[in-house]
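# Predicted model and sequence below, questions to follow.
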Amino acid sequence: MKLGTYLKNKREKSGITLREMESGSGIKKSVILIIEAGDLSKLPEPKHTKHLIRKYADYVKLDADMLFERFSDELPKATTDQQKRNQKEDQDFKYLKKILIGFITMILVLFVVWLVLLQIGSEGDLFETKRVYETDSEVIDDIAASNEEEATEAPEEEAESEEPKGETDEEETEETSEEETEESPTTDVSFVNREGNTLIYNITTSDTFSVEISGDEPSWVSLTDDLENSYLYEESEGGTFDIDPEASVLNLALGNSTNFDVSIDGQPLDNSLRGDTVTIYYQFNITRE
């Protein structure tokens, strides 16, 4: 009697169904059927055969060691399979080693050949640099003569082209000063919208600018920017403050806005936008051109 048939008879005599065997032993039903069919070589991992049979035997109350001794000729030769696997891995490693050695040898040979050619070329002037084209001496003489003629004619043309430049220079100076005046740095202030007690403005400037805060009587004032500069943070009547040229957002808080006027580079902000709000906040988004 084969091992698989023996185990199947013991299970059926014990009244254990395949489903009960699967849930009780933890062995999948498909594996149980392979074991009971007696073809242990078809197991997913033949090297785990003894472990599976031991779990099977324990569940049906059989001595696993006795089964191994009695049916030893049916158990897969795991040792032989492992030896074959190790032998194949060893052969693969040797093959890869040969390829690497051959590749390294080829590189070394090419390097040595390159050194030899370099040495031979340097001694025999094989690598002598040559001009792409040669210029005849007659052509060189013609070019030199034409250059001398141009150099002689140039001072005469310059003398003829000279004109009084006094008035012209004065006119250019006046035009330049007018352009510089027109291109002087400017600051543009535009109202964006109001969010609650916050008035939002955009400031576009090409240079530094100042903020002037003036009040009729002292009140709490806070003027800070996104660079953590604090220009004013106390009860005050205001003042004039030069803003950091690197700042991109400026925040102003007025505890009693009804007593204060705010100007950006001399441009007063419209106080009517505050409405009846006493404590007001300003957010100035700064863009530099």
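Perfect, thanks for sending it.
# my guess is Tyr282 meets Phe260, correct?
No. Tyr282 is beyond contact range of Phe260, at 10.6 Å (criterion: CB atoms under 8 Å). Heads up, the C-betas are built off the backbone N, CA and C, glycines and all.
# what residues do the two have in common as contacts?
Among the neighbours of Tyr282, those also in contact with Phe260 (CB atoms under 8 Å, 6 or more residues apart in numbering) are Leu254.
# Helices of the stretch 1-150 of the chain, start to end?
For the stretch 1-150 of the chain, applying DSSP state H, counting those that start in this stretch gives helices covering 3-13, 18-25, 29-37, 49-59, 64-70, 78-124, 137-161.
# counting contacts, what elements does the longest one pack onto?
By that I understand helix 78-124. Using 3 or more CB pairs under 8 Å, 6 or more residues apart in numbering; DSSP states H and E as the contact test, no helix or strand touches helix 78-124.
# Same question for the fourth one.
Using 3+ CB pairs under 8 Å, 6+ apart, the elements in contact with helix 49-59 are helix 3-13, helix 18-25, helix 29-37, helix 64-70.
# would JSON lines of those with distance to Pro245 and mean neighbour count be doable?
Listed next are the helices and strands packed on helix 49-59 as JSON lines, based on distance: least, CB to CB, whole Å; neighbours: other CB atoms under 10 Å:
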{"stretch": "helix 3-13", "distance to Pro245": "90", "mean neighbour count": "16"}
{"stretch": "helix 18-25", "distance to Pro245": "79", "mean neighbour count": "14"}
{"stretch": "helix 29-37", "distance to Pro245": "78", "mean neighbour count": "16"}
{"stretch": "helix 64-70", "distance to Pro245": "87", "mean neighbour count": "14"}
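# just so I know, which of these lies nearest Ile107?
Among the helices and strands packed on helix 49-59, helix 29-37 comes nearest to Ile107, with 52.6 Å by CB to CB.
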